[in-house]
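# need a structure here:
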Amino acid sequence: MQLNRRVFSAIALTAALALGACGGNSDPAGAGQSSYERGSDRGIGNADAPVTMIEYASVACGHCASFHEEVWPTINANYVETGQVRYVFREMITGSPQFAIAGFALAHCVAPERYFDMLDVLFQQQRAIFQAASQPGGARGQYLAIARSMGMSEADFDACLNNQDVNAEIVAAHDRALADGIDSTPRFLFNGELLEARRAPGATEYTYFLGNSQVIIDGEPVPGIVDADTFSRLIDHLLARRDADAGASGSED
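Next up, the predicted model:
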């Protein structure tokens with residue numbers, strides 16, 4: 001499945017935001033990765049963590065911004081920073097394509113260790129960017145302010161948004177996500193299994209499934225809700241399951 005003309009047109013619109021010469025930098029992911037990652041992935045947290053959480057998202061997706069404002073801080077503080085979860089972000093061009101590409105371009109152009117800092121700012125400023133876009137030059141002004149807050153000059157900013165290698169990396173990431181079967185954002189994998197909210201046979205409510213198995217905690221299916229409490233329950237369940245599996249394996253030795 002390939003990108004449509006709308007996305008390729010968005011690349012041209014992104015360059016038009018910059019009005020500058022080609023240049024800029026992009027850097028591959030760090031060396032330490034979990035077994036669920038591929039070489040191009042960017043992640044944070046312990047590569048040997050018992051749970052690897054992969055998010056497919058866009059900085060121009062409203063639901064993605066809500067997740068990063070309302071759910072991500074809890075996951076980061078309670079699980080990523082404590083070494084229990086490895087978090088991986090995979091880019092998709094959803095929402096407004098030109099804004100998704102512009103935002104991801106800036107994330108590619110900062111120092112690799114600041115990639116996730118840039119994502120945080122882009123999600124925080126998403127509404128302001130959309131509002132500014134109603135005025136001529138407003139979106140450029142918002143993105144330039146963000147770039148400057150991360151230590152980029154206006155020349156760096158212009159070069160970044162015009163960098164065709166960076167744009168190609170973003171398009172390639174989107175294509176890989178489509179090849180993975182991901183058609184909307186945000187979507188999540190936990191230890192390689194896709195988290196989906198769907199109805200079990202005969203049920204009326206949406207509940208979570210991991211892969212083909214309904215998630216049952218304390219004898220009850222987990223409602224398909226995206227909030228900090230529900231995702232914390234899911235992660236705690238996976239951690240307990242890994243501990244139980246490890247204990248069973250140890251008892252057999």
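
# contacts, neighbours, all on C-alpha from now
Will do.

# can you list the buried residues in the one helix or strand Arg140 maps to?
In this structure, Arg140 sits in helix 138-149 according to DSSP states H and E. Neighbour counts over helix 138-149 (16 or more other C-alpha atoms under 10 Å) mark Gly138, Ala139, Arg140, Gln142, Tyr143, Leu144, Ile146, Ala147 as buried.

# for that helix, give the mean pLDDT please.
Mean pLDDT, helix 138-149: 96.

# cool, stretch 214-227 as well?
The average of the pLDDT scores along stretch 214-227 is 97.

# restricting to C-alpha, output that stretch in CSV.
The C-alpha atoms that make up stretch 214-227 are tabulated as CSV, following Å, rounded to 0.1, in the frame of the first residue of the first chain:
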residue,chain,number,x,y,z
GLN,A,214,-9.3,-10.6,25.0
VAL,A,215,-7.6,-8.9,27.9
ILE,A,216,-9.1,-10.2,31.1
ILE,A,217,-8.0,-8.7,34.5
ASP,A,218,-9.4,-9.9,37.8
GLY,A,219,-11.9,-11.9,35.8
GLU,A,220,-13.3,-9.0,33.9
PRO,A,221,-12.6,-7.8,30.3
VAL,A,222,-10.9,-4.4,30.1
PRO,A,223,-13.0,-1.6,28.6
GLY,A,224,-11.6,-0.1,25.4
ILE,A,225,-10.9,3.2,27.0
VAL,A,226,-7.8,5.4,26.4
ASP,A,227,-6.9,6.9,29.7
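
# contacts for it next, please.
Residues outside stretch 214-227 that contact it (C-alpha atoms under 8 Å, 6 or more residues apart in numbering): 67, 70-71, 196-198, 200, 205-209, 230, 237.

# which of those residues sit farthest apart?
Greatest spacing in the contacts of stretch 214-227, by C-alpha to C-alpha: Glu70 and Ala200 (27.2 Å).

# what are the ranges of the helices in the chain?
All helices of the chain, identified by DSSP state H, fall at 5-18, 62-70, 72-75, 97-109, 115-124, 126-132, 138-149, 154-161, 164-179, 228-252.

# nearest to Arg38, out of those?
With C-alpha to C-alpha as the measure, helix 164-179 is the member of the helices of the chain nearest Arg38 (10.8 Å).

# same for that closest one, what does it pack against?
Here helix 164-179 touches strand 85-91, helix 97-109, going by 3 or more C-alpha pairs under 8 Å, 6 or more residues apart in numbering; DSSP states H and E.

# look at the closest residue to Tyr56 other than its chain neighbours and report its pLDDT.
In this structure, Tyr56 finds its nearest non-sequential neighbour in Arg90, 4.7 Å apart by C-alpha to C-alpha, 6 or more residues apart in numbering. On pLDDT, Arg90 comes in at 98.

# contact partners for Arg90?
Asp41, Arg42, Ile54, Glu55, Tyr56, Ala57, Ala173, Ala177.

# can you redo these as a markdown table with distance to Asp158, neighbour count and pLDDT?
Converted to a markdown table, those look like this (distance: C-alpha to C-alpha, whole Å; neighbours: other C-alpha atoms under 10 Å; pLDDT from 0 to 100):
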| residue | distance to Asp158 | neighbour count | pLDDT |
| --- | --- | --- | --- |
| Asp41 | 25 | 17 | 96 |
| Arg42 | 24 | 23 | 96 |
| Ile54 | 31 | 24 | 98 |
| Glu55 | 29 | 19 | 98 |
| Tyr56 | 27 | 22 | 98 |
| Ala57 | 24 | 27 | 98 |
| Ala173 | 22 | 19 | 97 |
| Ala177 | 28 | 20 | 97 |
